[in-house]
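Undergrad: Sharing a model that was predicted from the sequence below.
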Amino acid sequence: DWALPGVKQGEHSNRTTRRAVRATSIQFAPDGTAWAAATTEGLAIYSLDEGLLFDPTALDVDVTPASIRAALHERDFVRALLMALR
């Protein structure tokens, strides 16, 4: 029931809401020219350097801290290093 107090016919307008975006981590570059935020919408990277090009081709959902630790545990140091650099 969408009826408001004192309204006899009710109020039937469509309600639209925006989803809240939450940031779980924000990191700043040591020189202050860039920053990144991990949010519920994804990773956002901002920089004052116009020549910087972010190429996300090396990103993969399977590269996690746990998978890097597993590669280290298996003594696969090259794979662990490459995953850590992604």
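TA: Cool, the structure landed. Residues are numbered from 1 along each chain as shown.
Undergrad: Read off the pLDDT value for residue 7.
TA: Here, the pLDDT recorded for residue 7 equals 65.
Undergrad: Surely residue 79 forms part of a strand?
TA: No. Residue 79: not assigned to a strand; according to DSSP: H, G, I helix; E, B strand; the rest coil it is helix.
Undergrad: Can you tell me how far it is from residue 34?
TA: Distance of residue 79 to residue 34, computed by C-beta to C-beta, to the nearest Å: 28 Å. (Glycine included, C-beta is placed from N, CA and C.)
Undergrad: Residue 25 is in contact with residue 35, correct?
TA: No. With contact defined as C-beta atoms under 8 Å, residue 35 and residue 25 do not form a contacting pair (10.8 Å).
Undergrad: So for the two, which residue has more residues nearby?
TA: residue 35 (14 against 9; other C-beta atoms under 10 Å).
Undergrad: and the closest residue to the more buried one other than its chain neighbours, how many neighbours?
TA: Nearest non-adjacent residue to residue 35, counting by C-beta to C-beta, 6 or more residues apart in numbering: residue 28, 4.6 Å away. Residue 28 has 10 neighbours, counted by other C-beta under 10 Å.
Undergrad: And the pLDDT at residue 28?
TA: 93.
Undergrad: Quick check: which ranges of the chain have low pLDDT?
TA: The chain contains residues with pLDDT under 70 at 1-16, 52, 54-59, 86.
Undergrad: all helices of it, in order?
TA: For the chain, applying DSSP state H gives helices covering 65-73, 77-85.
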